[in-house]
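> Task: produce atomic coordinates for the following.
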Amino acid sequence: MNATPAVQLRDLGVTYGGATGREVLRGIDLSIAPNEIVCIVGHSGIGKSTLIRCIAGLQRPTTGEVLIGGTAITAPPATLALVSQDYGRTLMPWLRVGENVRLPLRGVGLARAVQDERVAEALSVVGLVEAARSYPWQLSGGMQQRVAIARALAYRPQVLLMDEPFASVDAQTRAELEDLLLTLQRDLGITVVLVTHDVDESVYLSDRVVVVGGRPALVREIVEVPISGVRDQLTTKADPAFIACRTQVLSSIQASKDSGSAVGG
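Numbers count the residues shown, from 1 in each chain. Next up is the predicted model:
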């Protein structure tokens with residue numbers, strides 16, 4: 001028997017401005033298995049961030065539903081955490097790094113000692129133990145994003161949503177954060193859903209890449225990434241399987257730019 005999907009979208013649609021308004025998403029059907037990494041790609045402005053907000057329970061879809069662990073949601077579920085690209089805005093500049101990581105733990109009834117343990121563990125996982133007493137503004141962009149990731153991990157989510165999480169850092173830091181994410185997902189066994197504009201990143205990180213496109217946006221194609229074993233920035237991106245998947249994803253994005261009909265589910 002198949003396991004209950006970690007995330008499931010059923011006929012999800014979003015229209016802004018009522019029935020006669022602008023339809024952004026239509027008929028999105030997608031099942032994401034536990035412990036899977038799925039990247040969502042597509043042209044700018046087609047509704048990828050709207051889709052992530054719906055999955056996070058921050059926005060109600062106009063049609064259809066979102067299920068997390070088999071349960072339909074109408075608000076942010078307790079088993080989910082979100083990391084955005086605006087890490088500078090989500091970190092409190094007047095709080096030290098350790099207290100920023102503690103923030104989501106304050107209202108869940110955990111003893112202070114348990115909170116301390118989770119904060120220390122999360123900072124250790126992302127390599128920031130020595131930065132616990134620093135303020136966010138004293139850290140580089142990449143280190144700030146690690147703090148945002150640590151905060152999500154301290155909450156111990158079953159599902160981690162990431163909306164362009166590495167878009168605002170330099171190329172080397174981005175590669176380091178990609179590898180960190182793969183290590184964390186492998187070690188912690190969490191489900192990751194990540195929106196990105198970077199086709200190489202989507203293939204490098206994913207078990208599957210979901211291409212959305214058209215107006216309104218539909219699922220155009222789901223590309224399986226048949227790369228096994230531990231990935232690294234040099235050998236994986238030179239792998240013929242990686243290159244073939246990259247070409248397939250890019251071709252699908254290009255083909256879907258002005259189209260409104262679904263190719264695959």
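> Residues contacting stretch 163-175, please?
48-49, 52, 82-85, 87, 140-142, 145, 148-149, 177-178, 194-198, 201, 233 (C-beta atoms under 8 Å, 6 or more residues apart in numbering). For glycine as for every other residue, the C-beta is placed from the backbone atoms N, C-alpha and C.
> burial measure for Phe172, as a count.
Rather than Phe, residue 172 is Gln. 10 (other C-beta atoms under 10 Å).
> Checking it next. Helix, strand or coil?
helix (DSSP: H, G, I helix; E, B strand; the rest coil).
> Next one: it relative to Phe166, how far apart?
Using C-beta to C-beta, to the nearest Å, one obtains 11 Å as the distance from Gln172 to Phe166.
> contacting residues around Glu30?
Slight slip there: residue 30 is Leu, not Glu. Leu30 neighbours (C-beta under 8 Å, 6+ apart): 7-9, 38, 210, 219, 222, 265.
> give me that answer again for 10 Å
Shown in contact with Leu30 (C-beta atoms under 10 Å, 6 or more residues apart in numbering): 5, 7-10, 12, 38, 40, 51, 55, 66, 193, 208, 210, 212, 219, 222, 265.
> which among the residues you listed end up buried?
5, 7-10, 12, 38, 40, 51, 55, 66, 193, 208, 210, 212, 219 (16 or more other C-beta atoms under 10 Å).
> Just the ones of those in helices?
Among these, the residues falling in helices (DSSP state H) are 51, 55.
> So which of the buried ones among the contacts of Leu30 belong to strands?
Of these, the ones assigned to strands by DSSP state E are 7-10, 12, 38, 40, 66, 193, 208, 210, 212, 219.
> between those, which is nearest Pro93?
Val193 (28.4 Å; C-beta to C-beta).
> so the closest one touches Cys39, yeah?
Yes: the criterion here is C-beta atoms under 10 Å, and Val193 meets it with Cys39 at 8.0 Å.
> Touching both of the two, which residues are there?
162, 210.
> measure Ser256 to Leu218 for me?
From Ser256 to Leu218 the distance is 8 Å (C-beta to C-beta).
> ugh, typo on my part, it should be Asn100
From Asn100 to Leu218 the distance is 38 Å (C-beta to C-beta).
> again with Gly107
If you go by C-beta to C-beta, the gap between Gly107 and Leu218 works out to 38 Å.
> before we move on, what about Leu234?
36 Å.
> next one: Val38
Distance from Val38 to Leu218, by C-beta to C-beta: 16 Å.
> mind listing the helices for this structure?
Going by DSSP H, the chain shows helices at 48-56, 87-90, 97-102, 112-125, 141-154, 171-188, 199-205, 235-238, 240-256.
> Could you export stretch 181-191 as PDB, CA atoms only?
In PDB, the C-alpha atoms belonging to stretch 181-191 read as follows (Å, rounded to 0.1, in the frame of the first residue of the first chain):
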ATOM      1  CA  LEU A 181      20.000  21.400   2.000                       C
ATOM      2  CA  LEU A 182      20.700  18.000   0.400                       C
ATOM      3  CA  THR A 183      22.600  16.900   3.500                       C
ATOM      4  CA  LEU A 184      19.900  18.100   5.900                       C
ATOM      5  CA  GLN A 185      17.100  16.500   3.900                       C
ATOM      6  CA  ARG A 186      19.000  13.200   3.700                       C
ATOM      7  CA  ASP A 187      19.900  13.200   7.400                       C
ATOM      8  CA  LEU A 188      16.500  14.400   8.800                       C
ATOM      9  CA  GLY A 189      14.200  12.700   6.300                       C
ATOM     10  CA  ILE A 190      12.000  15.700   5.700                       C
ATOM     11  CA  THR A 191       9.900  16.500   2.600                       C
END
